[in-house]
Every structure is written in C-alpha cells, then in structure tokens.
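Novice: A predicted structure for the sequence below; I have some questions about it.
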Amino acid sequence: MDCLFCSIIKGDIPSSKVYEDDYVYAFKDINPNAKVHVLVVPKTHIDSADCIEESNIEAVSKVMLAIPKVASVCGLSDGYRVITNVGENGGQTVKHIHFHILGGEKLPVKLA
C-alpha cells in the first residue's frame, strides 16, 4: 500500500508531530486553513468514514477520544472545529481517514 499518511506515521516522511499514542498520530497540516490546523489519524489504515465497520471501530474510537487531547495540547480552550472529508467530491485528498482540527481564531460559520 502506498499511503502518504501511513508513511508519515512510520516516520518515512517528516511531519510536525503534535500528539502520538499507541493508536493515534496527530500532526500539523502543511497547508493550514486556520491559525491552528492539525490532522488526527488512526495508525490503522482506513480509507475513509465510508469504510468504518465493526472490525475497525476501535481505531476510530481512539481517534475520537484523542481529539480533545490534541485540542488541549494545541491550546484550543475557546473552541475548535473537527472536519472529515469523504471521497473526491467531499474534498478528501488522501485516502486514509483523518480528522482536521481547526482553531486558534474565530472561524466563519460558513466554510464556502
């Protein structure tokens, strides 16, 4: 499998790590859309939210439990946004489920 995020998790591609545990890796987005823009990914490869099933739900649950920890590490005490994109039309550019944490400033209610 040739997955960008799997290579980042393995350390084959450098990243600006923000948080890591046994199940989750979080790093700064290289093209930030807010003052704070971090990607949170499971270490287990899952293509997208469309591919969540009983066999991988624990990996997704670990990501959801890590999101508030990552937000805290990033100093996002006044709120933040969590986004996941699914498929090409949904804006997903890397086929490894990931959650964007955006914050550090007042975010617009409407994204587009």
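Specialist: Arrived safely.
Novice: what about Glu54, how many residues nearby?
Specialist: Neighbours of Glu54 under the rule other C-beta atoms under 10 Å: 6. C-beta: built from backbone N, CA, C; applies to glycine.
Novice: quick one: it is in a helix?
Specialist: No: Glu54 sits outside any helix when classified using DSSP: H, G, I helix; E, B strand; the rest coil, being coil.
Novice: which residues in this structure form helices?
Specialist: 4-10, 57-73 (DSSP state H).
Novice: which neighbouring elements make contact with the shortest one?
Specialist: Contacts of helix 4-10 with other secondary structure elements, assessed using 3 or more C-beta pairs under 8 Å, 6 or more residues apart in numbering; DSSP states H and E, are made with strand 24-28, strand 36-42.
Novice: where does the prediction get shaky in the protein?
Specialist: Scanning the chain with the threshold set as pLDDT under 70 gives 1, 111-112.
Novice: nearest the geometric middle of it, what residue?
Specialist: Among the residues of the chain, the one closest to the centroid is Val40, at 2.5 Å (C-alpha atoms, centre = their mean).
Novice: that one and Glu20: what is the separation?
Specialist: Distance, Val40 to Glu20, by C-beta to C-beta, to the nearest Å: 10 Å.
Novice: what touches both of these two?
Specialist: Residues touching both Val40 and Glu20 (C-beta atoms under 8 Å, 6 or more residues apart in numbering): Ala26.
Novice: quick check, Lys28 in contact with Ile8.
Specialist: No: judged on C-beta atoms under 8 Å, Lys28 makes no contact with Ile8 at a distance of 11.1 Å.
Novice: shared neighbours of those two, which are they?
Specialist: With C-beta under 8 Å, 6+ apart, Lys28 and Ile8 have common neighbours Ser15.
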